[in-house]
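Chemist: here is my input; please provide its structure:
(chains A and B)
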Amino acid sequence: MTNPNPKEKWASKLGLILVVASSAIGLGNFLRFPGQVAKNGGGAFMVPYLVSFLILGIPVCLSEWIMGRMGGKNGHSSVSIFRTLLGDGKISKISATIAILIPTLIYVYYVFIEAWCLSYAIDFLIGNINLSPENISPISPEYSSEIVKNSKNYFINLTGASMTGKAFETKIIPYTLLCYSLNYFIVYRGLSKGLEALAKISVPLMLISSVFVLIRVLSLDGITNGLGYMWNPDWASLLKGEVWVAAAGQIFFSLSVGFGIVLIFTSYLTEKDDVTLSGITAASLNEMVEVVFGGMITIPVGFLFLGMSVASFGVFGMGFIALPSVFTLMPAGRFFGMAWFFILFLAALTSSVTMLQPGINFLEEGFHFKRKNSITLLSSITFILTMGIIYFNHDFTALDVTDFWVGTMLIYILATIQVLIYGWKIGPARARLESEKGAILILPKFFDFIIKYITPSFLLIILAVFIKQSFFEYYNKMNPYYWEENASLLGVDLVSSVEKARISLGVFVILIIIFILTYIMVNFSIKKNKGVTKWN
Amino acid sequence: MELNKEGLIIMITSISCATGFCIYCITRFLKNNTK
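Modeler: Down below sits the predicted model:
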């Protein structure tokens, strides 16, 4: 099998690092990380966080870079990569199917969230957000809680989360269309002229804007109280198992390992190119943004204006309810609100543009589609699915269920498969020899032991704890009979909870159908394209 | 909740390590790719 698109390549190695780093830098760095730190022992959280970075983040990240290059000998789709690494067996087909589906299906709801960020940025820019309550004095104790209430209403109205179909009446539809067009345009321009060019502009822009917002936050009176809430350590939390699992989970999602994207991007590298230092550099850039900007802005400023209640907001609540409230209370908040949501929009855009690449490469290589046709087909399918997510956005139900099954469960599974292939199929010693080709940085020998035993054990423990914590919750969420029996006991509205359970079940069934269809397509493409040489 | 001495040390150490590690990696990478 030959590469049908040999002209596609990276213009520079730094460009590839920026694309991978900007793909990983997303809302999790700015919104999820600070919430996890504040909730799990403040500064003490950095101990399990650092340990997780070393024994989970770096090994999984490097295994993707090394295996991507190894698997790219026959082509640049997930199918070619897993066939090169594993042959034509069932595990190879299932892994390829998961690696195509994860980024494509995350794209389906991620563009919707990207549209929220763009909408907030523009609304702050043109002064379209007015959360200040009328008839209440700014010195009144209820003033800030009224702003939070208004902010929540604004967010619910914008996203149409109050009832099924409501989002179709809001302005989020044109914003989603705009984001789709933007993504289409950038992806259409290709790897070097599209993705790489965007990363080279947006990463520095994002860093400069973040520094700007950070300086403003640190110059606020009383910010040391917010910083104390975020960073003062509670050492007793280190004895709690859930704190260690939370730290591992944060590292895992923050570095975007197990997404199936890095495998594709690194498959374009040759044996003359370095993969070890490049992989670590991309991870270090993501960590720097997370610790410096994620750790110094969101929670400190939120605590300063909203007090202890800031801890009660989830990721979306923190980003789209708490922070708009803070910008309303903050001097020159309109300008900084615009800057902040512009940063979030750029972070989301640089991630979303990378998500269609695995699907595009699959259609190009497996079915010999032209690039234009594969992008158009994939954009059309994902757009229809996005419209479904938006229509069934009652309490974010469709989005939440898709994120759980695809954005969490499948990612854990793919990351575990990848680490097991590296440690047990290829063998860490042989993989290390492969990594040394063109390497600027040589991996130490103890890395073999970590990736063979420690990392998979750690991953399996996290997966087990995660299933224990969330699997049954989501299983019940999809069961209308459960809500018919328990709605009154749990004090929730019967009609609404049964409707949401039906939506969740419907989404789950659609995901299963998509998985089966993609698996059939993977199978078909393998039959159509024979003659793959294995990596060894 | 005033930032205490321990919190300050952890905050400065974390930020310095994250930034320093990133700068070290990028510098080493650029040095090897501009020869």
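Chemist: contacts and neighbour counts: CA atoms only from here.
Modeler: OK.
Chemist: can you pull the residues of chain A lying near chain B?
Modeler: Contact residues (CA under 8 Å from any CA of the partner chain) of chain A with chain B: A:14, A:43, A:46, A:224-229, A:231-233, A:277-278, A:280-281, A:284-285, A:287-288, A:291-292, A:440.
Chemist: closest point of chain A to chain B, which residue?
Modeler: For chain A and chain B, the shortest gap (CA to the nearest CA) falls at A:Gly228, measuring 3.6 Å.
Chemist: so which residues of the stretch 351-500 of chain A form helices?
Modeler: For the stretch 351-500 of chain A, applying DSSP state H, counting those that start in this stretch gives helices covering A:357-367, A:371-391, A:397-404, A:411-420, A:428-435, A:446-449, A:455-466, A:472-477, A:480-490, A:494-528.
Chemist: which parts of chain B sit against chain A?
Modeler: Neighbours of chain A within chain B, by CA under 8 Å from any CA: B:1-4, B:6-8, B:10-11, B:14-15, B:18-19, B:21-22, B:25-26, B:29-30, B:32.
Chemist: sitting in helices, which of those residues do you find?
Modeler: Using DSSP state H, B:6-8, B:10-11, B:14-15, B:18-19, B:21-22, B:25-26, B:29-30, B:32 are the members of these that sit in helices.
Chemist: pLDDT weak spots in the chain?
Modeler: All of this refers to chain A. Applying pLDDT under 70 to chain A picks out residues A:1-7, A:535-536.
Chemist: switch to chain B, please.
Modeler: For chain B, applying pLDDT under 70 flags the ranges B:34-35.
Chemist: from B:Phe21, how far out is the residue of it found nearest chain A?
Modeler: In chain B, the residue found nearest to chain A is B:Leu3; the distance is 3.6 Å by CA to the nearest CA. B:Leu3 sits at a distance of 25 Å from B:Phe21 (criterion: CA to CA, to the nearest Å).
Chemist: ditto for A:Lys193
Modeler: Using CA to CA, A:Lys193 is found at 29 Å from B:Phe21.
Chemist: again with A:Ala167
Modeler: As defined by CA to CA, A:Ala167 lies at a distance of 44 Å from B:Phe21.
Chemist: out of these two, which sits in the busier spot?
Modeler: A:Ala167 (24 against 18; other CA atoms under 10 Å in any protein chain shown).
Chemist: right, and that one touches A:Met387 too?
Modeler: No - applying CA atoms under 8 Å, one finds A:Ala167 not in contact with A:Met387, separated by 9.6 Å.
Chemist: list residues touching both of these two?
Modeler: Taking CA atoms under 8 Å, 6 or more residues apart in numbering or on different chains as the contact rule, A:Ala167 and A:Met387 have no neighbour in common.
Chemist: coming back round to it: list buried residues within the residues of chain B next to chain A.
Modeler: Among the residues of chain B next to chain A, the ones that count as buried by 16 or more other CA atoms under 10 Å in any protein chain shown are B:1, B:3-4, B:7-8, B:10-11, B:14-15, B:18-19, B:21-22, B:25-26, B:29.
Chemist: tell me, what residue is most central in chain B?
Modeler: In chain B, the residue lying closest to the centroid (CA atoms, centre = their mean) is B:Thr19, at 2.5 Å.
Chemist: list the buried residues of stretch A:524-536.
Modeler: Neighbour-count burial for stretch A:524-536, counted by 16+ other CA under 10 Å, picks out A:525-526, A:532, A:534-535.
Chemist: go on, stretch A:135-147?
Modeler: Across stretch A:135-147, burial judged by 16+ other CA under 10 Å covers A:143-144, A:146-147.
Chemist: among these, which are in helices?
Modeler: Secondary structure defined by DSSP H assigns A:143-144, A:146-147 of those to helices.
Chemist: would you turn those residues into TSV with distance to A:Thr416?
Modeler: TSV is the format used below for these (distance: CA to CA, whole Å):
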residue	distance to A:Thr416
A:Tyr143	49
A:Ser144	45
A:Glu146	46
A:Ile147	44
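Chemist: so how far does stretch A:364-376 reach from one end to the other?
Modeler: Across stretch A:364-376, first to last residue, CA to CA, it's 12 Å.
Chemist: contacts for that stretch?
Modeler: The contact list for stretch A:364-376, computed with CA under 8 Å, 6+ apart, reads A:3-5, A:75-77, A:184, A:187-188, A:356, A:360, A:363, A:522, A:525-526, A:528-529.
Chemist: buried ones among these?
Modeler: Using 16+ other CA under 10 Å as the burial test, these include A:3-4, A:75-77, A:184, A:187-188, A:356, A:360, A:363, A:522, A:525-526 as buried.
Chemist: now the two most distant members of those residues.
Modeler: A:Tyr184 and A:Ile526 (27.8 Å; CA to CA).
Chemist: in the longest helix seen in chain A, what counts as buried?
Modeler: Counting residues, the longest helix found in chain A (DSSP H) is helix A:90-126. Across helix A:90-126, burial judged by 16+ other CA under 10 Å covers A:92-125.
Chemist: other SSEs contacting it?
Modeler: The helices and strands touching helix A:90-126, judged by 3 or more CA pairs under 8 Å, 6 or more residues apart in numbering or on different chains; DSSP states H and E, are helix A:78-86, helix A:172-188, helix A:333-355, helix A:357-367, helix A:371-391, helix A:397-404, helix A:411-420, helix A:494-528.
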